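> coordinates for the following, if possible.
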Amino acid sequence: MACMEREWTVEESVPVAASPDEVYAAVSDLRRMPEWSPELFRVWIRDGGEIAEGTRFVGFNRLGWRVWFTTCEVTAAIPGRAFAFRVTTFGMPVALWGYRVEGIGDGESSRLAEYWHDLRRDSRTAGIASLLGRVFTGVAAEDRAELNRRGMRATLDRVRAALEG
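Presented below is the predicted three-dimensional model:
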């Protein structure tokens, strides 16, 4: 049986009938993330204030009966264009999540892309981070890409529905 190459990056996108600024405002509002994500159920923002590059937050996640948290830092916050954050667990790199927004047509519509890069490779802590991921989430590192692809589709559909509704 041939072994499939592990996926390290996933990206999904949807058109949204809303301006790039409106789309960015939705996906960059960390307090609203639990509305969009099928895994994330709560966010705690350190120092509570404005969300900008360097903002640190904790994401509380759930899959079935399993609950875990990750620590995150916003790495890009460019209004109307891009929002991204790096995820770590116990100080070890796990992933980079982000959104890209581009205007399409008359500027009153956008393409919203969500992406994920697995950072659990090429470091001395990659194996430990992968093992912790398996223990806490019940998902093997090599299966995470497909789970995230499904989650992204759900997230993007929820963002689109909220903005178009």
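
> hmm, who's touching the helix or strand hosting Val67?
According to DSSP states H and E, Val67 maps onto strand 66-78. Identification of contacts with strand 66-78 by Cβ atoms under 8 Å, 6 or more residues apart in numbering yields 28, 51-61, 82-89, 94, 96, 98, 136-138. The C-beta positions use only the backbone N, C-alpha and C, and glycine is treated the same way.

> among those residues, which ones are buried?
Among the contacts of strand 66-78, the ones that count as buried by 16 or more other Cβ atoms under 10 Å are 28, 51, 55, 57, 59, 61, 82-89, 94, 96, 98, 136-137.

> of those, which belong to helices?
Using DSSP state H, the members of the buried ones among the contacts of strand 66-78 that fall within helices are 136-137.

> spell out for me which residue occupies the centre of this protein.
Trp97 (4.0 Å; Cα atoms, centre = their mean).

> and Thr125, how far is that from Asp21?
According to Cβ to Cβ, to the nearest Å, Thr125 and Asp21 sit 38 Å apart.

> from the chain's centre, how far out does the helix or strand of the chain with the lowest mean pLDDT sit?
Counting by mean pLDDT, DSSP states H and E, the weakest-scoring helix or strand in the chain turns out to be helix 126-137, with a mean of 72. In this view, helix 126-137 has its centroid 18 Å away from the chain centroid, taken as Cα atoms, centre = their mean, to the nearest Å.

> and that helix, what does it pack onto?
strand 66-78, strand 82-89, strand 92-104 (3 or more Cβ pairs under 8 Å, 6 or more residues apart in numbering; DSSP states H and E).

> mind running it again at 6 Å?
Other helices and strands packing on helix 126-137, by 3 or more Cβ pairs under 6 Å, 6 or more residues apart in numbering; DSSP states H and E, are absent; none qualifies.

> and it with strand 82-89, angle?
On the basis of axes from the mean of the first three to the mean of the last three Cα atoms, to 10 degrees, helix 126-137 is oriented at 90 degrees to strand 82-89.

> tell me what angle the next helix or strand after helix 126-137 forms with strand 92-104.
Tracing the chain C-terminally past helix 126-137 and defining elements by DSSP H and E, one meets helix 144-164 next. Per the same axes, to 10 degrees, the angle that helix 144-164 makes with strand 92-104 is 40 degrees.
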